[in-house]
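Chemist: Could you work out the structure for the sequence below:
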Amino acid sequence: MGFYTEARTKEGRLIGSKSFQVWNPNVEHFYKSLGLENPYGHYSGDKGDISFTDVQLLDAYNYIEKIEFYSEPTIEKLDPIVGMLTIAGGVQKLDAKAEKERTLEFLDVCTAVALKEGSVILNMG
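Modeler: Predicted coordinates:
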C-alpha cells in the first residue's frame, strides 16, 4: 500500500520514480504541487497517466522548495485500518529533509526532460 509515481517520456522511456508509503503525509505536498487532489488517507494513488509541461513541473518544484515537510504521520487523517496498523507497528518518524530532497530531485529530472521533450508523463499510482 502506498503512492508510487513513475515518470516517462512520451515514447514510454522510464526516467524516474517517486514513492510514498501509505502513512507518509508528505504525499500531500507532492500531489498539491502538481495541482492534484491530496490522496493522503487513502490506500494508494489512482490518477492514471497525466502529462505535465516543464512550466508545470518547475512550478511544482518551486512549491515543494518553499514548504516544510512533515516528520511524522498524521494518524487522524489516515483510513482507520491504516491508522490502527500504523499505531500497532509503532509510529515511525520521517526524515523530512531527506524526503523533501528526494522529491526535489525527482521533479528536477522531470523538469529537465520536459524542457527538452515538451512534456513528461507521470503515472500516479
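Chemist: Just the pLDDT at the most centrally placed residue in the chain, thanks.
Modeler: Centroid check for the chain by CA atoms, centre = their mean gives residue 30 as the closest residue, at 4.0 Å. Per-residue pLDDT puts residue 30 at 94.
Chemist: same question, residue 83
Modeler: Looking at residue 83, its pLDDT is 65.
Chemist: about what we covered before: doesn't residue 64 make contact with the residue nearest to the centre of the chain?
Modeler: Yes: between residue 30 and residue 64 there is a contact under CB atoms under 8 Å: 7.3 Å. No exception for glycine: its C-beta is placed from N, CA and C like everyone else's.
Chemist: shared neighbours, these two?
Modeler: Each of residue 103 lies in contact with both residue 30 and residue 64 under the rule CB atoms under 8 Å, 6 or more residues apart in numbering.
Chemist: What distance do you get for residue 35 to residue 12?
Modeler: 24 Å (CB to CB, to the nearest Å).
Chemist: Mind checking which of the two has more residues around it?
Modeler: A direct count of neighbours by other CB atoms under 10 Å for residue 35 and residue 12 places residue 35 higher, at 12 against 7.
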